[in-house]
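Q: next input, structure requested:
(one chain, ligands or ions: 2)
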Amino acid sequence: MATRVVTVDRNLRTGPMPIVRGMALTFKNMLATWFGGKASTVQFPEEKRKTSGRYRGVHILTQRMDGTPKCVACYMCATVCPAECIYIESGERPEKDIEKYPTRFEIDLLRCVYCGFCVDACPEEAIVMSRENDLVGTTRAELIIDRDRLMDRNKLIEHGPGYRPEEHDVRRPVRIAALERLRKEHGIVPGMPQRG
Ligand code: SF4
Ligand code: SF4
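A: Numbering: from 1, shown residues only. Ligands and ions are numbered 1, 2, ... in the order given. Alright, predicted model coming up:
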């Protein structure tokens with residue numbers, strides 16, 4: 001759906017008319033809610049608003065056909081994350097063409113700002129976002145979501161997939177920023193294996 005852009009004239013003179021117009025709109029909406037059943041609110045949590053396919057909800061780690069994580073522990077997402085809330089530890093895979101996988105992958109959802117940069121930076125489509133926005137916990141630890149919980153989320157069909165841009169151009173600036181930071185701060189140049 002195309003977004004409607006409203007240009008607000010900031011030079012409008014003050015006076016009673018804006019208040020009258022505002023109250024008229026409020027009254028109109030009130031009548032529409034009472035008699036037309038057009039409520040702007042929803043009965044959450046029984047009823048949920050529909051969200052778009054670009055919604056940035058809680059993350060999902062995607063899987064290979066054999067059920068192992070698609071992630072190759074390249075640290076691009078953790079490097080570019082502005083909230084520094086991704087923690088990864090890596091191990092070696094037996095396959096020569098994959099090399100690494102995350103033995104530990106955690107996201108602190110209380111620090112995450114849901115910007116989606118981790119999704120943009122990932123070269124493997126190993127991390128995407130869901131449309132889930134109502135994950136709750138009673139302790140801080142419950143909202144540090146680990147690798148297995150992130151992968152389990154593949155089963156969550158109720159919410160559907162969220163932000164996962166396919167266009168390379170959308171992801172490109174974030175990937176360049178991540179690569180630059182890896183190179184400058186850690187001296188790492190991904191994709192250039194050392195030759196022994
Ligand atoms: S959505 Fe943004 S803040 Fe959250 S983990 Fe990803 S990069 Fe970090
Ligand atoms: S950027 Fe993708 S492949 Fe690299 S560590 Fe993050 S999730 Fe794994």
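Q: can you pull the contacts of the residue nearest to the spatial centre of the chain?
A: With distances taken as Cα atoms, centre = their mean, residue 56 lies nearest the centre of the chain, 3.6 Å away. Residues near residue 56 by Cβ atoms under 8 Å, 6 or more residues apart in numbering: 114, 115, 116, 129, 162, 163. No exception for glycine: its C-beta is placed from N, CA and C like everyone else's.
Q: what distance do you get for the third one to ligand 2?
A: Counting by Cβ to the nearest ligand atom, to the nearest Å, the separation of residue 116 from ligand 2 is 12 Å.
Q: hmm, residue 129 and that residue touching each other?
A: Yes - Residue 116 lies in contact with residue 129 (Cβ atoms under 8 Å); the separation is 6.2 Å.
Q: overlap in contacts of these two?
A: In contact with both residue 116 and residue 129: 56, 163, using Cβ under 8 Å, 6+ apart.
Q: next, give me the two most distant ones among the contacts of residue 56.
A: 115 and 162 (12.8 Å; Cβ to Cβ).
Q: and those two? Which one has more around it.
A: Between residue 115 and residue 162, residue 162 has the larger neighbour count (other Cβ atoms under 10 Å), namely 24 against 15.
Q: surely that one touches residue 130?
A: Yes - counting by Cβ under 8 Å, residue 130 is a contact partner of residue 162 at 5.0 Å.
Q: got any residues that touch both of these two?
A: Joint contacts of residue 162 and residue 130 (Cβ under 8 Å, 6+ apart) are 55, 57.
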